[in-house]
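In: everything below, folded, please.
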Amino acid sequence: WAMDFVHDQLATGKKLRVLTVVDTFSRYVPVLDPRHSYRGEDVVQTLERVCQKAGYPKTIRVDQGTEFVSRDLDLRAYSKGVTLDFSRPGKPTDNAFIEA
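Out: Below is the predicted model:
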């Protein structure tokens, strides 16, 4: 899987963040979760909900965003046997499946 945020702005000016997860093999999108703000624990809760239905991936590619380097996500991934594959800072092509 590959995971990242897409950003947009509503007509009212309020910012919107969409957590996007893509299966890099099948191009299936198990998560498109829009919120006004996201924390590391929110990412964990969303992934838990999805993985209960779709199963846990072996690896999730992420960038160095604060939500992805959080202790919450690291501990949950480790406990479920999921490897977090971090892209190099400043190299969006490392996670090209999900980068806009």
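In: ok, Asn95 touching Asp4?
Out: Yes. Contact criterion CB atoms under 8 Å: Asn95 and Asp4 qualify, at 6.5 Å. Placement of C-beta: from N, CA and C, glycine included.
In: okay, and the common contacts of the two?
Out: Val62, Asp63 (CB atoms under 8 Å, 6 or more residues apart in numbering).
In: Glu41 - nearest residue in space that isn't next to it in sequence?
Out: Of all residues not flanking Glu41 in the chain, Asp72 sits nearest, at 4.8 Å (CB to CB, 6 or more residues apart in numbering).
In: tell me the SS of that neighbour?
Out: With DSSP: H, G, I helix; E, B strand; the rest coil as the basis, Asp72 sits in helix.
In: ok, the one 5 residues further on next?
Out: Recorded secondary structure, Ala77: helix (three-state DSSP).
In: for it, give its distance to Tyr56.
Out: In this view, Ala77 and Tyr56 are 9 Å apart by CB to CB, to the nearest Å.
In: these two: which is more packed in?
Out: Taking neighbours as other CB atoms under 10 Å, Ala77 and Tyr56 compare with Ala77 leading, 20 against 15.
In: can you report how many residues lie near the closest residue to that one other than its chain neighbours?
Out: Nearest residue to Ala77, sequence neighbours excluded (CB to CB, 6+ apart): Leu84, at 5.2 Å. Residues lying near Leu84 (other CB under 10 Å) number 16.
In: the residue nearest to Ser70 when sequence neighbours are not counted and Thr66, how far apart?
Out: Nearest residue to Ser70, sequence neighbours excluded (CB to CB, 6+ apart): Gly40, at 2.7 Å. Separation of Gly40 from Thr66 (CB to CB): 7 Å.
In: neighbour count for the two, which is higher?
Out: The residue with more neighbours, out of Gly40 and Thr66, is Gly40; 18 against 9, by other CB under 10 Å.
In: measure that one to Arg27 for me?
Out: 26 Å.
In: A strand includes Pro60, no?
Out: Just to correct that, residue 60 is Ile rather than Pro. Yes. Applying three-state DSSP, one finds Ile60 inside a strand.
In: before I go, just wanted to say thanks for your time.
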